[in-house]
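Novice: Okay, predicted coordinates and the sequence, questions at the end:
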Amino acid sequence: MMSPVDIVNEMLAKDHFSKWLGIRLLVADKGLCKLQMTIREDMLNGFGIAHGGITYSLADSALAFAANSHGQKAVSVETSISHTVALKVGDMIIAEAHEEHSSDKIGIYSIKIYNTADNSVVAIFKGTVYRTSKKW
C-alpha cells in the first residue's frame, strides 16, 4: 500500500492547477494535509486583493490530498468556504486539512487557511468526500 506522501506526490505530479498555484506540500498523513503557497499578482481580483477562488482552490487541494491519504480514491461531493480576511500580493498562506469523520464511503474534513505573517485565519473551508472502491 502506498504511503500518504506517495499518494499526494502522485496526485501532484498530474495536478497542473495546484502546480500553477505554487503549492508546496508540508505534511501528508492519514486524514491530514498541510500545504503552503504565496499570493502572486496574477491571483488578484478587481479590488486588488486575492480572488476568493485562490484560497478556495488551495483548500480544495488540501481536502483532496487528505481524503485520498487512506489509499482509497475519494472525490468531493460538497464544499463550502467562508473568507474572513483579505489577502494581498506576497502573503504566504498555509492550509491545514483535518479529518472530522471517516467511513467506508464518506469523509468530512475541515480546512483552515492561515496567513503566516500573523497566524490569522483568513478562510474556513468544509468538505465532504465520497470514497470510491478504487485503491491507490
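Specialist: Now that the structure is in, tell me what you want to look at. Numbering: from 1, shown residues only.
Novice: who touches the closest residue to residue 32 other than its chain neighbours in this structure?
Specialist: Closest residue in space to residue 32, ignoring its immediate chain neighbours: residue 66 at 5.7 Å, by CB to CB, 6 or more residues apart in numbering. All C-beta atoms are positioned from the backbone trio N, CA, C, and that covers glycine. For residue 66, the contacting residues are 28, 31, 32, 33, 97, 98, 99, 109, by CB atoms under 8 Å, 6 or more residues apart in numbering.
Novice: Could you give the bridge partners of the first one?
Specialist: With DSSP bridges applied, the residues forming beta bridges to residue 28 are residue 33.
Novice: Hmm, it is touching residue 8, no?
Specialist: Yes. Counting by CB atoms under 8 Å, residue 28 sits close enough to residue 8 to count as a contact (4.3 Å).
Novice: list residues touching both of the two?
Specialist: Counting by CB under 8 Å, 6+ apart, the residues touching both residue 28 and residue 8 are 65, 69.
Novice: re earlier: just the element for the residue nearest to residue 32, please.
Specialist: Counting by DSSP states H and E, the secondary-structure element that holds residue 66 is helix 52-68.
Novice: and what of residue 132?
Specialist: Element membership for residue 132, per DSSP H and E: strand 120-135.
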